[in-house]
Structure formats: structure tokens, C-alpha cells
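In: fold the following.
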Amino acid sequence: MPINRVKDIVILGIVGDSASGKTTLSDGIAAILGTERVATICTDDYHRYSRRERAALGLSALDPRANHIDILEQHLKLLRQGQPVLKPVYNHHTGELDAPQYIEPRPYVVVEGLLGYTTRAMRDCYDVKLYLEPQEDLRVRWKVQRDTTRRGYTREQVLDSLEKRREDSPAFIHPQRTFADVVVSFNPPDDNHQESGARLNVRHVLRPTLPHPDLTPLLEGAGQAGIHLELSRDRDGKPVDVLEIDGAISPERAFRVEELLWRLLPEASHLRRSVGRFADADNREGQSAPLALTQLLTAYHMVKAAMGVHAI
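Out: Sure thing, here's the model as predicted:
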């Protein structure tokens, strides 16, 4: 459980492999809570080496040895205590380390990246922990799209990078799944395997490490397509709730889910924002109901943690 918690600071962790949707998810959560109330930390900034140095050493960015894990751990503890940090900055465009950035804690801190749950001390700093594991083919398409349109890589360079990291993902990233309160998996519908945006389905594994909202009212009219909640078992055999939201959910049904969550958060009704936004393959803005509901469910947990509803 989190330790040395400052009453008015809530820390969310979002961990997942490269291009699993961490930044898109965190941007929407910040929009719901109010960007002026959220400090966002990307753990990529804690890379120990430049891109050129990693290549010379034969290390990938996924390897803890290529990152300042000790400094990241120290900074999480300081933020947990309400103290500012001088955060390093990694420039994805140049592959170099830029000047550090002074970060003051705000009421909500979002920490997103590859290695956020690597140590026990780091894990103890979070109030809420998410792990993202989109379908692998989908993640590859997202990575190619992002790195070729925003980071200046060619498609061949991206695919080569993925091949070089093939063993690092299961070694360093995937084991962190076990520490999450919620596991979020986006996947294409059965009738359109090439879907990568608005009509993606999402599956939430809700572990009992958090008090999740009562969503049973949504099961009324269960014959309607769009949302499904059931008791299941996780990969380790432990009982979990599984919430599935269909990419084809109707706007009316999606609105019902949103309204239910806002009714559970009357103290945060002033925080309503338009969420669920993402960039499509042509870098045009799209909007996804399953993504919006995922962002809203996460914001629910953060607000409840700030109210002291989550046990410390």
C-alpha cells in the first residue's frame, strides 16, 4: 500500500509496452480532472543513455539497466511526500538527453511509461495502478503509426526495433502486469481485424485491490449490445470482475455509463470534460466511447482516492 502519503496528492501509475496507449489514456484522464490539477511524468525521461549509446551497448530502452530506476524510485517517493523533483528529460526526436525539468506535485500525479512497477518501493507510491496490454498486432500498428508520423522513423526502422526488443518485452514489461489494480486490453472486433481506433473493444480486468464502482445497474437490458460485466478468473486463477465494452456501443448506452459514473462522483461534477480522443492513422482526431469510459473509470478511482475512500 502507498506509504508516507500527503493527504492532497494522488498518484496514478500507467504501465505498458511501447505504444500500448499510455499517453492517450493519461491525456484524457488529465482532461477529466483538469490539466491544471495534474502533473504528468513519463518514465522514458529516466533513460540512462542516449539512443546512440544504447545501440553501442546493445541495450534497449525496455531494459532496466538502460534506465535510472533508482532516481525514478527516489522521485516517486519525493512526489508522494509533496516535494518537487528535478526530472530528467529524454528527447524522442533526437534520441538525446535534454535539460532537466522542475516538477512540482499537484493534487493528481500521473506516472506513465515502461518500467513504473519495477521495484516494490516504486509500487508502494501509487494509489491506483493500471497495466495496458492491447492485442499485440494492434500495438505493432499503433507503434508504426506513432513512430513514423511523430518520431521520424521509417517503417523498416520501427519493425527492426520491435524485432530487437522481442525478448525484452516478456522479460521486463509483461511481469509488471501482476501488480496492477486494473488491466486494460483494447482489441479489434471479430468482424474487422484492421480496426485501430473508434470501434475498438476494451476489456477491463478489475482486481479486488481497489473498491470498484457498482456497475450492476448497467446490466439492466442486458440484451442490448455494448457492455458486459461478469465474475471471472485471472491468469493466476484468482477471482476478478471483467468489464467488457464493445466498440459498437450505441451513443445512448455509452451516455448511460458515463452518467452512472458521474452520479457516483457528485463531488466532481464540475470536472466534466469531453474525453475519448485519439489520433488516427492519418493523425486526424477521432473519438472512442470505450476509451472515454476507460478514462472516466480511472478518474473515478483517483477522485475516490483523494477523498480517502481507497484504504491507505
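In: so which elements touch the helix or strand hosting residue 79?
Out: Residue 79 is part of helix 69-80, with elements assigned from DSSP states H and E. Other helices and strands packing on helix 69-80, by 3 or more Cβ pairs under 8 Å, 6 or more residues apart in numbering; DSSP states H and E, are strand 10-16, strand 38-42, strand 85-91, helix 120-123. Every residue, glycine included, has its C-beta placed from N, CA and C.
In: low-scoring stretches of the stretch 101-250 of the chain, by residue?
Out: The stretch 101-250 of the chain contains residues with pLDDT under 70 at 218-225.
In: recalculate using a threshold of 50.
Out: Residue ranges of the stretch 101-250 of the chain with pLDDT under 50: 222-223.
In: what segments of it are helices?
Out: Remark: helices assigned in the stretch 101-250 of the chain by DSSP state H, counting those that start in this stretch are 120-123, 136-149, 155-164, 168.
In: ok, back up a step: out of the helices and strands packed on helix 69-80, which comes closest to residue 24?
Out: Closest approach to residue 24 among the helices and strands packed on helix 69-80 is made by strand 10-16 (10.2 Å; Cβ to Cβ).
In: sheet partners, orientation included, of that closest one?
Out: The strands beside strand 10-16 in its sheet (DSSP bridges) come out as strand 108-113 (parallel), strand 128-132 (parallel).
In: so for residue 251, which of these sits nearest?
Out: With respect to residue 251, and counting by Cβ to Cβ, the nearest of these is strand 128-132 at 25.0 Å.
In: nearest to residue 261 among the strands paired with strand 10-16 would be which one?
Out: strand 128-132 (14.9 Å).
In: in the closest one, what counts as buried?
Out: Buried residues in strand 128-132, counted by 16 or more other Cβ atoms under 10 Å: 128-132.
In: and which of these is nearest residue 173?
Out: residue 131 (9.3 Å).
In: how close does that closest one sit to residue 163?
Out: Noted for residue 131: a distance of 24 Å to residue 163, by Cβ to Cβ, to the nearest Å.
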